[in-house]
Structure formats: C-alpha cells, structure tokens
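Here's a sequence, model it:
(one chain, ligands or ions: 2)
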Amino acid sequence: MIKIGLTGGIGSGKSTALNFFHELGFSVQDCDDVVSEIYQSCEEFKKNLLGRFGQSIVTEGKIDKKKIAKLVFGNEVELKWLNKELHQKVRDEVKNNYQEEKINIVAVPLLHEAGWDTSFDATVCVWCPNDIRINRLKDRGFTPEESQARIAAQMSQDEKLERSGFAIINDFDIENLRAQCKELSQKFKNTYKNKDI
Ligand SMILES: CC(C)(COP(=O)(O)OP(=O)(O)OC[C@H]1O[C@@H](n2cnc3c(N)ncnc32)[C@H](O)[C@@H]1O)[C@@H](O)C(=O)NCCC(=O)NCCS
Ligand SMILES: Nc1ncnc2c1ncn2[C@@H]1O[C@H](COP(=O)(O)OP(=O)(O)OP(=O)(O)O)[C@@H](O)[C@H]1O
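Residues are numbered from 1 along each chain as shown. Ligands and ions are numbered 1, 2, ... in the order given. Take a look at the predicted model:
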C-alpha cells in the first residue's frame, strides 16, 4: 500500500487538489472530513468537549464548530487540548480506511505540526500566497481576521513547502491546479508502478 500526505496552509487548495486526485483514480481521504465525522459520531469526545467548554459551544442543541473555533484560535492552551483530543482518533480512522491495493492520498492540514509526515511514502505541499488564500477564504465565509487566526496557529507555508517532497503552487486558476495534479499523478503512478500495492 502506498500512502501520500498532502498538506498546505488553510485555504491553500488542498481539498480542491484532493478532488482532482480522486478524479485521477487515487483513493483519497480528507482529515477535515474525518474530524467532522468524529464531531457527529463520537459520544465520548462530545462529552469531553462539553466538560471543557460547557454549553457555550452549543447552538440549537448541537455542538457548534464555529463557536469552538472562536475559543481555540488565539488560545494556545485550549487549542493544544483540542488537538490532543482529536489527533490520535483522526489517525486511527484514516488508518482504518486505507485501500490496500491503491495509492492513497490523505489531506492533512497539520501534517508536519503533528509529526505525522514520517508515516507517509511521499509528501506534497500545496502553496498559495497569503493574500490570495485570504481572498479565496472570504468566499467560504471566513473574515480576514478568522483566516489570520488560523494561519497563526499553523506552521508557515514556506516551512511546510521546504519539508515536503513535492510542491503544487496554487497561485493561478483552477485549470492550472488541475494540470499540476495531473502531472504529479503521472509521476506517482510511474514511481509506484512496480511496487506491490
Ligand atoms: C477548530 C475546529 C472546531 C474548526 O472547525 P471548522 O469546521 O470551522 O473548520 P474545519 O475543521 O473544516 O478546518 C478548516 C481548516 O482550519 C484549519 N485548522 C483546523 N484545525 C486546526 C488546528 N487545530 N490548528 C491549526 N489549524 C487548524 C485547517 O487549515 C483546516 O483545513 C476544527 O477544525 C477542529 O476541531 N480542529 C482540531 C482538529 C484538527 O487539528 N484538525 C485538522 C486536521 S487533523
Ligand atoms: N486555483 C484556484 N483558483 C481559484 N479558486 C481556487 C483555486 N484553488 C482553490 N480555490 C478556492 O479557494 C478556496 C480554498 O480552497 P480549498 O478549500 O481547496 O483549500 P483548503 O486548503 O482545503 O482549505 P482548508 O484549509 O480550509 O481545508 C475554495 O473556495 C476553492 O474553491
């Protein structure tokens, strides 16, 4: 089995690139989706969250991730607590869902921060200038201040890029991103074609 870790700062284009890799035939997983699933289904985690933050994180009877985001970004202690609650659960879930006979690509926002990078056969960083990603994130409903708070909680994109084996520079249009994914896809398929995956 081959495992490739895809990382990048918030709004760099990881999910969009991951969708292209899916279309190109890879097995894909997105850690943000795995986190969302844990919020939905893990009763023990929900109990821990309510124990930590109280009813302030509940909207209409449901845990509200936007409210949690306001409490943790900018508060190192609370963010560390949340990361500790979730990261092992995310890793376990991803591990359960690998497809043996395929090249698996996993989007992991905190690939290097969490020290998860060494578990992958190859790593890719999607890089995008800060002003462009802040603008793109506005369309997803993030204010510049919200984006900056998350950027501040992450390793710099330049360091992520330096630590990754491959790069996708996402500072142009979607078709350019698609073309870079296609080129990288060919490289991975060639590199791993003789491996027993
Ligand atoms: C803080 C939470 C509640 C915000 O939820 P929300 O729905 O608004 O955002 P979502 O989960 O879709 O994440 C969007 C982006 O925010 C950034 N982000 C999320 N968590 C973190 C974090 N702990 N540190 C830095 N950046 C983060 C990433 O770039 C991510 O791609 C949620 O992201 C969370 O519980 N995060 C902790 C778990 C984690 O580290 N997730 C990252 C993948 S392992
Ligand atoms: N090359 C591009 N041109 C225009 N818009 C783009 C491009 N790449 C991505 N986008 C848009 O930018 C936004 C952020 O992209 P995406 O959600 O893929 O990033 P991400 O790295 O997964 O973000 P997050 O860290 O929040 O998960 C999305 O609205 C996406 O449609």
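
What residues does this structure have near ligand 2?
By CB under 6 Å from any ligand atom, the residues of the chain that approach ligand 2 are 8, 10-16, 32, 109, 136, 139-140, 170, 172-174, 177. Every C-beta, even on glycine, is put in place using the N, C-alpha and C of the backbone.

Which of the residues you listed fall within helices?
14-16, 32, 136, 139, 174, 177 (DSSP state H).

of the residues you listed, list those near ligand 1.
Checking these against ligand 1 (CB under 6 Å from any ligand atom), the matches are Asp32.

Neighbour-wise, which one of the ones in helices among the residues of the chain next to ligand 2 leads?
Sorting those by how many neighbours each has (other CB atoms under 10 Å) puts Lys14 first, at 26 neighbours.

hmm, back to that, let's have the ones in helices among the residues of the chain next to ligand 2 in JSON lines, adding pLDDT.
Shown next, in JSON lines, are those (pLDDT from 0 to 100):
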{"residue": "Lys14", "pLDDT": "98"}
{"residue": "Ser15", "pLDDT": "98"}
{"residue": "Thr16", "pLDDT": "98"}
{"residue": "Asp32", "pLDDT": "98"}
{"residue": "Arg136", "pLDDT": "96"}
{"residue": "Asp139", "pLDDT": "94"}
{"residue": "Ile174", "pLDDT": "98"}
{"residue": "Leu177", "pLDDT": "98"}
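
so Trp116 touches Ala107, yeah?
No. Counting by CB atoms under 8 Å, Ala107 is not a contact partner of Trp116; they are 11.8 Å apart.

More neighbours: which of those two?
Ala107 (24 against 20).

Bridged to the more buried one, which residues?
Under the criterion DSSP bridges, Ala107 forms beta bridges with Leu6, Asp30.

how close does it sit to ligand 1?
8 Å (CB to the nearest ligand atom, to the nearest Å).

OK, contacts around the nearest residue to Thr16 once chain neighbours are set aside?
Once flanking residues are discounted, Thr16 sits nearest to Leu177: 6.3 Å by CB to CB, 6 or more residues apart in numbering. Remark: with contacts taken as CB atoms under 8 Å, 6 or more residues apart in numbering, Leu177 is in contact with 13, 16-17, 20, 168, 170.

Pull the helix or strand containing Ile38 out as CSV, backbone CA atoms only.
Ile38 is part of helix 31-41, with elements assigned from DSSP states H and E. C-alpha atoms of helix 31-41 as CSV (Å, rounded to 0.1, in the frame of the first residue of the first chain):
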residue,chain,number,x,y,z
CYS,A,31,-8.8,14.8,7.6
ASP,A,32,-11.2,17.8,7.9
ASP,A,33,-14.0,15.4,6.9
VAL,A,34,-12.7,12.8,9.3
VAL,A,35,-12.8,15.5,12.1
SER,A,36,-16.3,16.4,11.2
GLU,A,37,-17.4,12.8,11.3
ILE,A,38,-15.9,12.4,14.8
TYR,A,39,-17.9,15.5,15.9
GLN,A,40,-21.0,13.8,14.7
SER,A,41,-20.5,10.3,16.0
